[in-house]
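1. Would you be able to build a 3D model of this:
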Amino acid sequence: MKNFRSQSRPKKSSLVIGKKAVLEAIKTGKALERIYLQNNLGGKELTEISNLATQNQIPVNKVPAVKLDSFNVPHHEGCVAMLSRIHYQDLQDVISFVVEKGETPLFLILDGITDIRNIGGIARTALCTGVQAIIIPDKGVGMLNEDAILTSAGALEKLAVCRVNSLLKAVDELHLNGIKVLASEMTAKKAVFELDLTEPAAIIMGSEEKGIYPALMKASDEKFKIPMANDFESLNVSVATGMILYEVMKQRLFNKA
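-> You can find the predicted model right below:
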């Protein structure tokens, strides 16, 4: 059995404990990073929590009692939620805001990136290069917790972050708004500097282990690579993202001059 106690324990001040407290937190619109429900319990309140969480795009993890006990909080009733310092925003609202400001959209889509150090590093570079929003799925991505915010040097609190229940649906929404979706793929024929990055764009970055989800890759408008001098497997995803974003910034600054 996985030893949940070996993981770092969140501060008690960042937790919402018990069924009624979690229900109230959802209904009053508190920003929640994740909800943990005991996997062998049922009942009306837990079902309502699960349904409301789905409606509000809050990730729910069904876990054994040992996970909930590891938080070291009394009377959790099989339900603990983690407060978020990130206030997630609606993707269409962010797109409209960026366009109304007269800016050219530049978004990042993170697919399957679980290492919070990479996410933090990506956020820092994103803020420095003019990215307006980071788009993440509600599952399969590292939690944007205190450690992630610390690693990002606070950048995650300054960027718009859109959490969606489907990256494929997010791509559809980007397309409807005239935003091209570009996928970073090491086997692509076209190099990053051969793209026109002055156009509205969203760039997909996949995990170093699995890459970009095939259906998401297929939905992208164009694939590109970062050329390398030596035959090496791949770059760190945070480093690769930085190289791509500085190419975007170079093109956009040069065209303005």
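
2. What score does N3 have for pLDDT?
-> For N3, the pLDDT comes out at 37.

3. Now do stretch 35-45: distance from first to last residue.
-> Across stretch 35-45, the terminal residues are separated by 13 Å (CA to CA, to the nearest Å).

4. And the average pLDDT for that stretch is what?
-> Stretch 35-45 carries an average pLDDT of 89.

5. Also stretch 204-223?
-> Stretch 204-223 comes out at a mean pLDDT of 94.

6. buried set for that stretch?
-> By neighbour count with 16 or more other CB atoms under 10 Å, stretch 204-223 contains the buried residues 204-208, 211-213, 216-217, 219-220, 223. For the C-beta atoms, the positions are set from N, CA and C on the backbone; glycine is no exception.

7. And stretch 144-159, by the same measure?
-> 144-149, 151-152, 155-156, 159.

8. Narrow these to those in helices?
-> Applying DSSP state H to the buried residues of stretch 144-159, the entries found in helices are 146-149, 151.

9. Pick the one among those residues closest to T114.
-> A148 (10.9 Å; CB to CB).

10. Could you find the closest non-adjacent residue to the closest one?
-> Spatial nearest neighbour of A148, excluding adjacent residues (CB to CB, 6 or more residues apart in numbering): I116 at 4.1 Å.

11. mind checking how far that neighbour is from A155?
-> 13 Å (CB to CB, to the nearest Å).

12. can you check G43 too?
-> Between G43 and A155 the distance is 40 Å, computed by CB to CB.

13. circling back: tell me who's in contact with the residue nearest to A148.
-> Neighbouring residues of I116 by CB atoms under 8 Å, 6 or more residues apart in numbering: 142-145, 147-148, 151.

14. can you give me phi and psi for it?
-> Backbone geometry at I116, expressed as degrees, to the nearest 10, gives phi -70, psi -20.

15. Same question for S96.
-> Per-residue torsions, S96: phi -60, psi -40 (degrees, to the nearest 10).

16. Could I get the contacting residues of it?
-> By CB under 8 Å, 6+ apart, no residues touch S96.

17. Now with 10 Å, please.
-> The contact partners of S96, by CB atoms under 10 Å, 6 or more residues apart in numbering, come to 90, 177.

18. distance of it from P105?
-> Counting by CB to CB - S96 and P105 are separated by 10 Å.

19. what residues do these two have in common as contacts?
-> When contacts are counted by CB under 10 Å, 6+ apart, S96 and P105 are jointly contacted by N177.

20. Sticking with M82, tell me its helix or strand.
-> Element membership for M82 (DSSP states H and E) is strand 79-83.

21. how far is that strand from where the chain is centred?
-> Remark: strand 79-83 is offset 19 Å from the chain centroid, using CA atoms, centre = their mean, to the nearest Å.
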